[in-house]
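> can't give you the sequence, but here's the structure:
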């Protein structure tokens, strides 16, 4: 599935592992694992088949903005948003967030 990054920091983390020191090693490993799954998926609905990712729509203000989360580990989440254009759906990778902050 196609994806793009909301921030240059996330793009640099993905392309050059730049800024990896900002996150625990397990979070960086989880980020690359989840991104490889996203890259290999033909569509967003297939993310539900990976139960360990706990793919879900967020609640509250973030949910109203259409944001969803994928679990990187017990504490950290990859926040994404689905965008639709004439070519189809694209995942916008918004941020890596600490679930408890």
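Here it is on my side, so go on. Since the structure is predicted, the reported quantities are computational estimates derived from the model, not experimental observations. Numbering: from 1, shown residues only.
> Could I get the full set of helices for the chain?
8-16, 25-40, 60-64 (DSSP state H).
> okay, those, which one's buried deepest?
Most buried of the helices of the chain, by mean neighbour count (mean count of other Cβ atoms under 10 Å): helix 25-40, with a mean of 16. No exception for glycine: its C-beta is placed from N, CA and C like everyone else's.
> and it, what's its mean pLDDT?
Average pLDDT, helix 25-40: 97.
> One more: stretch 88-97?
Mean predicted confidence for stretch 88-97 is 95.
> List the buried residues of it.
Neighbour-count burial for stretch 88-97 flags 91, 93-94, 96-97 (criterion: 16 or more other Cβ atoms under 10 Å).
> rewinding a little: now render the helices of the chain as TSV, adding distance to residue 70.
Below are those laid out as TSV (distance: least, Cβ to Cβ, whole Å):
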stretch	distance to residue 70
helix 8-16	13
helix 25-40	5
helix 60-64	14
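> Run through the residues that contact the residue most central in space within the chain.
In the chain, the centroid-proximal residue (Cα atoms, centre = their mean) is residue 78; its distance is 3.7 Å. The contact partners of residue 78, by Cβ atoms under 8 Å, 6 or more residues apart in numbering, come to 30-31, 34, 69-72, 93, 95-97.
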